[in-house]
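1. Would you be able to build a 3D model of this:
(3 chains)
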Amino acid sequence: MIEVEALSVDFGETRAVDRVSFRVASGEAFGIVGESGSGKSTVLRALSGLKRSWSGRITIEGVPQGPVRSREFHRRLQMVFQDPYASLHPRQTVDRALAEPLRIHGIDGHERRISRTLREVGLGPEHRFRYPHQLSGGQRQRVAIARALILEPTILLLDEPTSALDVSVQAEILNLLQHIRRERGLTYILVSHNLAVVAHLCARVAVMNRGRFVEELDVASLRAHRTQEPYTAQLLRASEGYDRQAAEALVTYD
Amino acid sequence: MTSEAIAPRGWHAWLTADAPDSRLHARLVRLYGTARIFARNPLALVGVAIVVLLVAMALAAPWLAHGVPSAQDLARRLRPPSAASWFGTDELGRDIYTRILYGARITLGIVALVVVIVAPVGLLVGCVAGYLGGFVDTALMRVTDIFLAFPRLILALAFVAALGPGIENAVIAISLTAWPPYARIARAETLLLRESDFISAARLLGAGWSRIVFLHVMPLCLASVIVRVTLDMAGIILTAAGLGFLGLGAQPPSPEWGAMISAGRKFVLDQWWVAAFPGLAICTVSLGFNLLGDGLRDVLDPKQR
Amino acid sequence: MSAPLLDVADLRVSFRTPRGVLEAVRGVNFAMRREKLGIVGESGSGKTLTGRSILRLLPPGAELKARRLDFDGVDLLAATPARLRNLRGRRLAMVMQDPKFSLNPVMAVGDQIAEAYLAHSRATRGEARDKALAMLEAVRIREPRRVYALYPHEVSGGMGQRIMIAMMLAPDPDLLVADEPTSALDVTVQMQVLAILDDLVSERGMGLVFISHDLTLVASFCDRVLVMYGGRVVETLDARELGRAQHPYTRGLMACLPQLGGGEGDLPVLSRDPAWLEAP
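-> Reported below is the predicted structural model:
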């Protein structure tokens, strides 16, 4: 479904992504875990076409991709961003934001599609004509998910979708994402710094550090602490809460 | 939807509805909210009042005036303000009050024409340059710099010297030098907005650059441009008056306020009213636009929302 | 039992908004010794305002009321602005979330630490400089002389936060209020900064108020935990007892966290009982 070979992305002199390769099968949920600056979000940006200068090979649904994506591509692949406030246009109502993709692609039946998608993400008609500043963080993220779904894509890229949300809201959004994937048979690539979130939604995980994939493993092994790389083990230990001895043993992998 | 027969309290409830039922409703709710915040600023309301007064004067001139602005009565030249002529008469016996009323039309016309030319052009150039970047940005910004380099009054003089005096040419001259700052403002805002997630989301949806610039970016730059335009109004009015004063704008017997001051120069010591009232009118209107602009900035400034 | 370091009774913070009075903190009670006290809550729970109330550093328009707000015997409610200024920095310190926003961008970081020290002691400039270098060492910065001359934009997030801690701890305060001090940091850096904080707090016998949204972190780092919801403290417990929490909100909050050891089924969703907003 998605094949990435030797993907490298540079920002001027800095190499943000260094020869990353991975494959995601259709209907699979693949996670990329890393700390800030690891390059995980950049991988998504290159995959989605937002970042145009990259080297390597990206093949999506059998079609090799170039720097610029076709309009058809955008109907197959969509993305949900981290900051729910920043990802919605502040002067557009929910209705307008959801109608926009339909307009761009010349799809009609706006009324039907918008109300159905809103229902699917757990929002009601009372939210339809509100502005983003009138919605809570969780509600805004639901709108962002609805916008991504309304074109009926097959692949969803998720860039830290719950990092900016309260813990209780995070649980609701994670459940929603789980349901949607099962019901629509979507392929996910989830990027997060939170191991528990990634382990919850995904079947396989890649650990990323300083632009490179350090290790790729399935979630069952992760849960059982069957890791091979010390960096992964360190990440695991650090995500289990504060421990004085563990903190001493931490090394900053530069 | 509600009908006309709703009582005042019903209107208020409709305009502050928490869950609007259509896009128009949502827009009106937002507008109402903004208007209420605006109305809390007393100086801004004064500004609105003055501007509204200007418009009212211009529109209702034929009914409010005492006759025709060009009606001369040499027997009653240079009369001080009295019950018959509220602002006195000028050197040709024309009623100054009437001339000020009709002069409001000219002032309003100049202001409207300049805004209609300058704001859209500035917005367009700035937003396109800011969003596309690269060669387009460089080219457009150099053009902007060229126009920015021209001193406004001198360019107006040159224009008028070439094309002859008259209000239209004065307006063109002012517009040509007034648009670059708006392009700069729009470009600066666009550069910031360009990196936002919602713009990335729009690109991901397959929107082309023109759709993004016109439908997503420009509406957000509009607020800054509106505020700047309103604050520049005073300058534009003064420039037009200055041109009129120099005899390069409106031509006699047109009751343009600047020209009236110029004509009243000769009598300013003994018959102060001939120059003072048009001067006062210019001052008041400039002040009104400044207050309005300040009020708008407080309301439209995104940082305060 | 000796007098508590901090004694708060019936703390209330409210704001006047166009839509009426907003009560953000509605009767918070707690007392603490020289220990690590965690305050946990989601956004809107009032935890940040509670922390700021201790230093009386509330945003304009906020009204503070309390029956008692005592710091080591000093009545903070009755204190004059001059007395408060004297206390803040010297005996009461605060570290906030993002060092990007709390460090002066146009001043070298070492100078900022020195300045903080000078403001609250009668040291000379030279002594303050030495103290700043000593503090940089105390927060485990390996090359204190080199880092002293750096500007905030030249240091990483973790280092910036350690510099903030150095700055705040230079005058040797009695109580440190830390508002999400590690939330903007990577998880490994987080652990390192917390270890430093842990050591410094124990060495100096300071009290620490640790405000966070991360229940697991607070439970593993602090001695006692206050759980806040809707402006009130809904539960107070020892950090070790978190597994035996009584209040449904606390239990719900813990239950809805995705766990590494957990399954793949739906996460239990917190259903908010309006009764939690009422006083017990």
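
2. Which residue ranges of the chain form helices?
-> I'll assume chain A. For chain A, the helices defined by DSSP state H occupy A:40-48, A:71-76, A:94-104, A:110-120, A:137-149, A:167-184, A:195-201, A:219-223, A:230-238, A:244-249.

3. try chain C instead
-> Remark: helices assigned in chain C by DSSP H are C:47-54, C:81-87, C:99-102, C:109-119, C:125-138, C:144-148, C:157-169, C:187-204, C:215-221, C:248-255.

4. would you list these in CSV and tack on distance to chain A and mean pLDDT?
-> Quick note: C-beta positions are derived from backbone N, CA and C, even for glycine. Formatted as CSV, the helices of chain C follow (distance: least, C-beta to the nearest C-beta, whole Å; pLDDT from 0 to 100):
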stretch, distance to chain A, mean pLDDT
helix C:47-54, 12, 92
helix C:81-87, 29, 88
helix C:99-102, 13, 79
helix C:109-119, 19, 89
helix C:125-138, 16, 90
helix C:144-148, 15, 90
helix C:157-169, 8, 87
helix C:187-204, 4, 86
helix C:215-221, 3, 88
helix C:248-255, 6, 88
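
5. And these: which comes nearest chain B?
-> Comparing these by their distance to chain B (C-beta to the nearest C-beta), the top pick is helix C:99-102, with 15.1 Å.

6. helices or strands up against that closest one?
-> Where contact means 3 or more C-beta pairs under 8 Å, 6 or more residues apart in numbering or on different chains; DSSP states H and E, helix C:99-102 is packed against helix C:157-169.

7. helices or strands up against the helix it packs on?
-> Applying 3+ C-beta pairs under 8 Å, 6+ apart, one finds that helix C:157-169 contacts strand C:92-95, helix C:99-102, helix C:109-119, helix C:125-138, helix C:187-204.

8. Please identify the deepest-packed of the ones you listed.
-> Of those, the one with the most neighbours on average (mean count of other C-beta atoms under 10 Å in any protein chain shown) is strand C:92-95, at a mean of 24.

9. contact partners of it?
-> The contact list for strand C:92-95 (C-beta atoms under 8 Å, 6 or more residues apart in numbering or on different chains) reads C:51-52, C:54-55, C:57, C:71, C:88, C:102, C:161, C:164-165, C:168-169, C:171, C:173-179, C:181.

10. Would you map out the domains in chain B?
-> Domain assignment of chain B by automatic domain parsing yields the ranges B:1-38, B:42-304.

11. Grab the nearest non-local neighbour of A:Leu98.
-> Spatially, and ignoring its direct neighbours in sequence, A:Leu98 is nearest to A:Ile114 (4.8 Å; C-beta to C-beta, 6 or more residues apart in numbering or on different chains).

12. Now do C:Ala275 against A:Asn175, distance only.
-> According to C-beta to C-beta, to the nearest Å, C:Ala275 stands 24 Å off from A:Asn175.

13. And B:Ala259, by the same measure?
-> Taking C-beta to C-beta as the measure, B:Ala259 falls 74 Å from A:Asn175.

14. Quick check: pLDDT value at C:Glu241.
-> Listed pLDDT for C:Glu241 reads 88.

15. wait, which of the domains of chain B is closest to A:Phe22?
-> A:Phe22 lies closest to domain B:42-304 among these, at 21.0 Å (C-beta to C-beta).

16. close to chain A, is the closest one?
-> Yes - Domain B:42-304 reaches chain A (C-beta under 8 Å from any C-beta of the partner chain) through B:196-198, B:200-207, B:211, B:216, B:219-220, B:302.

17. Tell me which two of these sit farthest apart.
-> Within these, two members stand farthest from each other by C-beta to C-beta: B:Gly206 and B:Pro302, at 27.2 Å.

18. These two: which is more packed in?
-> Set B:Gly206 next to B:Pro302 and count neighbours by other C-beta atoms under 10 Å in any protein chain shown: B:Gly206 wins out with 20 against 10.

19. deepest of the domains of chain B, which one?
-> Highest mean neighbour count among these (mean count of other C-beta under 10 Å): domain B:42-304, a mean of 19.

20. Is there any residue in that domain that contacts chain C?
-> No - applying C-beta under 8 Å from any C-beta, one finds domain B:42-304 separated from chain C by no less than 13.5 Å.

21. same thing with stretch A:115-128?
-> No - interface with chain C: stretch A:115-128 contributes nothing (C-beta under 8 Å from any C-beta), its closest point being 10.8 Å away.

22. Could you list the buried residues of that stretch?
-> A:Ser115, A:Thr117, A:Leu118, A:Glu120, A:Val121, A:Gly122, A:Leu123, A:His127, A:Arg128 (16 or more other C-beta atoms under 10 Å in any protein chain shown).

23. can you pull the contacts of the fourth one?
-> A:Glu120 makes contact with A:Ala146, A:Leu149, A:Ile180, according to C-beta under 8 Å, 6+ apart.

24. Throw these into a markdown table and include neighbour count, thanks.
-> Converted to a markdown table, these look like this (neighbours: other C-beta atoms under 10 Å in any protein chain shown):
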| residue | neighbour count |
| --- | --- |
| A:Ala146 | 23 |
| A:Leu149 | 22 |
| A:Ile180 | 18 |
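
25. mind putting those residues in JSON lines, distance to chain B and pLDDT included?
-> As requested, the contacts of A:Glu120 are exported to JSON lines (distance: C-beta to the nearest C-beta, whole Å; pLDDT from 0 to 100):
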{"residue": "A:Ala146", "distance to chain B": "12", "pLDDT": "95"}
{"residue": "A:Leu149", "distance to chain B": "12", "pLDDT": "95"}
{"residue": "A:Ile180", "distance to chain B": "18", "pLDDT": "94"}
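
26. For A:Gly211, see how far away A:Phe11 is.
-> From A:Phe11 over to A:Gly211 (counting by C-beta to C-beta), the distance is 11 Å.

27. ok, and the closest non-adjacent residue to A:Leu165?
-> Leaving aside its chain neighbours, A:Leu165 sits nearest to A:Gly137 (5.2 Å; criterion: C-beta to C-beta, 6+ apart).

28. From the centre of chain C outward, give me the first residue you hit.
-> By C-alpha atoms, centre = their mean, chain C has its centre lying nearest to C:Ala178, at 2.1 Å.

29. Secondary structure class of the closest residue to chain A within the stretch 201-305 of chain B, three-state.
-> Of all residues in the stretch 201-305 of chain B, the one sitting closest to chain A is B:Gly206 (3.8 Å; C-beta to the nearest C-beta). Following DSSP: H, G, I helix; E, B strand; the rest coil, the label given to B:Gly206 is coil.

30. what's near enough to touch it?
-> Contact analysis of B:Gly206 by C-beta under 8 Å, 6+ apart lists A:Arg71, A:His74, A:Arg75, A:Pro101, A:Ile104, A:His105.

31. wait, isn't the third one in contact with A:Glu152?
-> In other words, A:Arg75. Yes - using C-beta atoms under 8 Å, A:Arg75 makes contact with A:Glu152 at a distance of 7.3 Å.

32. Among these two, which residue is more densely surrounded?
-> Using other C-beta under 10 Å as the criterion, A:Arg75 and A:Glu152 rank with A:Arg75 on top: 18 against 13.

33. Not counting sequence-adjacent ones, nearest residue to the more buried one?
-> Setting aside the residues directly before and after it, A:Arg75 is nearest to A:Leu151 in space (C-beta to C-beta, 6+ apart), at 5.0 Å.

34. what do you get for C:Val147?
-> Nearest residue to C:Val147 in three dimensions, chain neighbours excluded: C:Ile141, at 5.2 Å (C-beta to C-beta, 6+ apart).

35. Ramachandran angles for that neighbour?
-> Dihedral pair for C:Ile141: phi -90, psi 120, per degrees, to the nearest 10.

36. contacting residues for it?
-> Residues near C:Ile141 by C-beta under 8 Å, 6+ apart: C:Val147, C:Met159, C:Arg162, C:Ile163, C:Ala166.

37. For the stretch 151-300 of chain B, just list every one of the helices.
-> Assigned by DSSP state H, counting those that start in this stretch, the helices in the stretch 151-300 of chain B fall at B:152-163, B:167-178, B:180-193, B:197-204, B:209-211, B:218-245, B:257-264, B:273-300.
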